[in-house]
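**Q** need a 3D model of the following:
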Amino acid sequence: MSAWTSDELDRIGGADELEVAPTGADGSPLRPTPVWVVRIGDELYLRSWRGDDGHWYRAAAAQGRGRISAGGVTKNVSFAAASDEVTNEAVDAGYREKYARYPSYVEPMVAQQARATTLRLIPREETR
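**A** Here you go, the predicted structure:
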């Protein structure tokens, strides 16, 4: 398993939006969807504001793989459920701090429906 570089963490974590394109059931990438991303330490997290009704989230959870692009970085990733080491409170705080200028959008992102979809992004090296 690969790790994020400091530059990737800074660029992706500092981007307003991330384009996420999970792999579909047939192995092809789905159309990219813009989502919010937060950095907590050396990890990157995202949520579906629609909860598990979000199309991209359902594909990401089912297939566990995809591609992201943000801050000039494009990377193949795996999607993993957030671990017990990172609490929803930390991710909530990340959303509230980073996106404070959008209070009406932040509240749905820290509500239980979205919290249940918290995914950690894991960089994936491509094998040829």
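**Q** how about the strands in the chain?
**A** In the chain, the segments counted as strands under DSSP state E are 18-22, 33-35, 37-40, 43-46, 65-70, 73-81, 119-123.
**Q** same list (the ones you listed) but as JSON lines, adding distance to residue 87.
**A** Bear in mind the C-beta positions are built from the backbone N, C-alpha and C, glycine included. What follows is the strands of the chain, written out as JSON lines (distance: least, CB to CB, whole Å):
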{"stretch": "strand 18-22", "distance to residue 87": "21"}
{"stretch": "strand 33-35", "distance to residue 87": "20"}
{"stretch": "strand 37-40", "distance to residue 87": "9"}
{"stretch": "strand 43-46", "distance to residue 87": "11"}
{"stretch": "strand 65-70", "distance to residue 87": "23"}
{"stretch": "strand 73-81", "distance to residue 87": "13"}
{"stretch": "strand 119-123", "distance to residue 87": "13"}
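**Q** export these to a markdown table and tack on mean neighbour count?
**A** Shown next, in a markdown table, are those (neighbours: other CB atoms under 10 Å):
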| stretch | mean neighbour count |
| --- | --- |
| strand 18-22 | 22 |
| strand 33-35 | 17 |
| strand 37-40 | 20 |
| strand 43-46 | 23 |
| strand 65-70 | 20 |
| strand 73-81 | 17 |
| strand 119-123 | 21 |
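**Q** residue 104: which of those is closest?
**A** Closest approach to residue 104 among the strands of the chain is made by strand 33-35 (16.9 Å; CB to CB).
**Q** I'm done for today, thanks for sticking with me.
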